[in-house]
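J.: pasting the sequence and the predicted model now:
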Amino acid sequence: MQTLGDNLRIIFDAYELIPGQGKSIGIYKYAKNLLEAMLQLVDDNIEIIVICNALNSPDFTHQHKSISTIIISTNAPGKFSRLLWIYGRAATIVKKYKADVYFSPKGILPKGIKLLSAQTKTVVVIHDLIPLWYAEHFLGYFGWLEELFINQWITSSAKFADSVIAISKSTADDILNRLGRKSGVSIVYNGIPHCQAGPRPLNDAYIFAMASKFPHKNTQGVLNAYSAYRNQVINPLPLVMCGLSASNEPGVITITGINDATLHAYYAYAELFICLSLIEGFGFPPAEALAHGTTVICSDIPSLREISKDLAVYVPLNNPNAVGQQIIEALKTKITPELIKERTAIINEYTWQKCAEGVLFVIRQL
């Protein structure tokens, strides 16, 4: 076992990460924030070599004695470059730099690492098994070839990495139930961003929700629940949907392209935040809303119950009338200083320092 007195060389693989790219935005932010937090904790016995591309190098280059950055692509890697990376180039880099540990924040374990560097331990972060869920519920949504490739790689990585880090117990349970892996899985929670809210975005009261084109985010479920709420009251509040470019639904206001301060202002000043995801590995938005003291209604699924720590109102899926009634009840609830304090304390549960401590602990145990 690696001890604190031993020198430890870690390859931090950020090569495939591209800023602002669709499904991977959350993983990109995870890797960026985790690395920054790790640098506050490493000692003289740990060396981190970050592998990145030219496009993401500004976020993964740091002036720190324990870190070095290797830029191995002059632009964002395309599909061919990524395949080449997974099928051999990553393994040659690990061998070249004689890494003790290969760490993937993206959850993909490249081929050949053990073949070329038998002593190197491998650690992957599995954020969720949502691609496997899509194969069950929305087969072909991302294209059959991409789905086949991604699902095989996630399955292989979760099964065969020396150590797996799951970002929630819900994800760890999914790994056990779907893939059968019982040992070598550790739970290390994400950090959630602590962002100061900007000015109040709307003068009047409103309900807030996040939208997405991806079916598991259940945007239509939110709209259906809001419609049911409108049908039950005389003067309904408007619903602000962030991430939706347009809507013909009565009372719905759509916004896109806002910065972090504005986003958190919408969280902070909302009368209510709604999240009705069908599946999540962690679930940032409800936790972010709670961190501002805002009332949250979310779907009753294991990950959202786990992460929001029973501070939200949990509603059944596929029952818009029941959710509409819960919206009415939640808006009637008196918000006390004690309740706000209890909700905002969630920010202390999920910090990037704790996340980095957990990741480094897993690595050291190898």
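T.: Looks like it came in fine.

J.: what about the strands in the stretch 51-200 of the chain?
T.: For the stretch 51-200 of the chain, applying DSSP state E, counting those that start in this stretch gives strands covering 67-71, 101-104, 121-126, 163-166, 185-187.

J.: got JSON lines for the ones you listed, with distance to residue 94 and mean neighbour count too?
T.: (C-beta placed from N, C-alpha, C; glycine too.) Output for those, formatted as JSON lines (distance: least, CB to CB, whole Å; neighbours: other CB atoms under 10 Å):
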{"stretch": "strand 67-71", "distance to residue 94": "12", "mean neighbour count": "16"}
{"stretch": "strand 101-104", "distance to residue 94": "5", "mean neighbour count": "26"}
{"stretch": "strand 121-126", "distance to residue 94": "9", "mean neighbour count": "23"}
{"stretch": "strand 163-166", "distance to residue 94": "16", "mean neighbour count": "24"}
{"stretch": "strand 185-187", "distance to residue 94": "22", "mean neighbour count": "17"}
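
J.: and those, which one's lowest on average pLDDT?
T.: Comparing mean pLDDT over the strands of the stretch 51-200 of the chain, the weakest stretch is strand 67-71, at a mean of 93.

J.: what about residue 9, is that helix, strand or coil?
T.: With DSSP: H, G, I helix; E, B strand; the rest coil as the basis, the three-state label of residue 9 is strand.

J.: pairing partners for it in the sheet, please.
T.: residue 47 (DSSP bridges).

J.: give me the number of residues near it?
T.: Residues lying near residue 9 (other CB atoms under 10 Å) number 15.

J.: likewise for residue 333?
T.: By other CB under 10 Å, 11 other residues sit near residue 333.

J.: which non-adjacent residue is nearest it?
T.: Nearest residue to residue 333, sequence neighbours excluded (CB to CB, 6 or more residues apart in numbering): residue 295, at 6.5 Å.

J.: report pLDDT for that neighbour.
T.: On the pLDDT scale, residue 295 gets 97.

J.: quick revisit: now the strands of the stretch 51-200 of the chain in a markdown table, with distance to residue 57?
T.: Listed next are the strands of the stretch 51-200 of the chain as a markdown table, based on distance: least, CB to CB, whole Å:
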| stretch | distance to residue 57 |
| --- | --- |
| strand 67-71 | 5 |
| strand 101-104 | 18 |
| strand 121-126 | 21 |
| strand 163-166 | 24 |
| strand 185-187 | 29 |
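
J.: chain center to stretch 176-184, what's the gap?
T.: On the basis of CA atoms, centre = their mean, to the nearest Å, stretch 176-184 is displaced by 21 Å from the centre of the chain it belongs to.

J.: for it, buried residues please.
T.: 179, 181, 184 (16 or more other CB atoms under 10 Å).

J.: and residue 226, what does it touch?
T.: If you count contacts by CB atoms under 8 Å, 6 or more residues apart in numbering, residue 226 has them with 207, 209, 239, 249, 251-252, 274, 324, 327.

J.: just say helix, strand or coil for it.
T.: Per three-state DSSP, residue 226 ends up helix.

J.: separation between residue 241 and residue 103?
T.: The gap separating residue 241 from residue 103 is 37 Å, by CB to CB, to the nearest Å.

J.: check residue 27 too.
T.: From residue 27 to residue 103 the distance is 13 Å (CB to CB).

J.: residue 111 too?
T.: Distance, residue 111 to residue 103, by CB to CB: 17 Å.

J.: ok, now residue 126?
T.: Relative to residue 103, and taking CB to CB, residue 126 is found at 13 Å.

J.: try residue 65
T.: 19 Å.

J.: strands of the stretch 251-366 of the chain, start to end?
T.: Going by DSSP E, counting those that start in this stretch, the stretch 251-366 of the chain shows strands at 252-255, 272-275, 296-299, 313-315.

J.: just how off-centre is the first one within its chain?
T.: Between the centre of strand 252-255 and the centre of its chain there are 24 Å (CA atoms, centre = their mean).

J.: could you list every helix and strand that it packs against?
T.: strand 239-242 (3 or more CB pairs under 8 Å, 6 or more residues apart in numbering; DSSP states H and E).

J.: sheet partners, orientation included, of the strand it packs on?
T.: Assessed with DSSP bridges, strand 239-242 is paired to strand 207-210 (parallel), strand 252-255 (parallel).

J.: could you say which of these is packed most deeply?
T.: The highest mean neighbour count among these, using mean count of other CB atoms under 10 Å, belongs to strand 207-210: a mean of 27.

J.: contact partners for residue 359?
T.: Neighbours of residue 359 in contact, by CB under 8 Å, 6+ apart: 34, 38, 103, 123, 125, 165, 188.

J.: hang on, the first one packs against residue 352?
T.: Yes: in terms of CB atoms under 8 Å, residue 34 counts as a neighbour of residue 352; the distance is 6.5 Å.

J.: sorry, back to before: any idea which of the buried residues of stretch 176-184 is closest to residue 331?
T.: When the buried residues of stretch 176-184 are compared for distance to residue 331 (CB to CB), residue 179 wins out at 41.8 Å.
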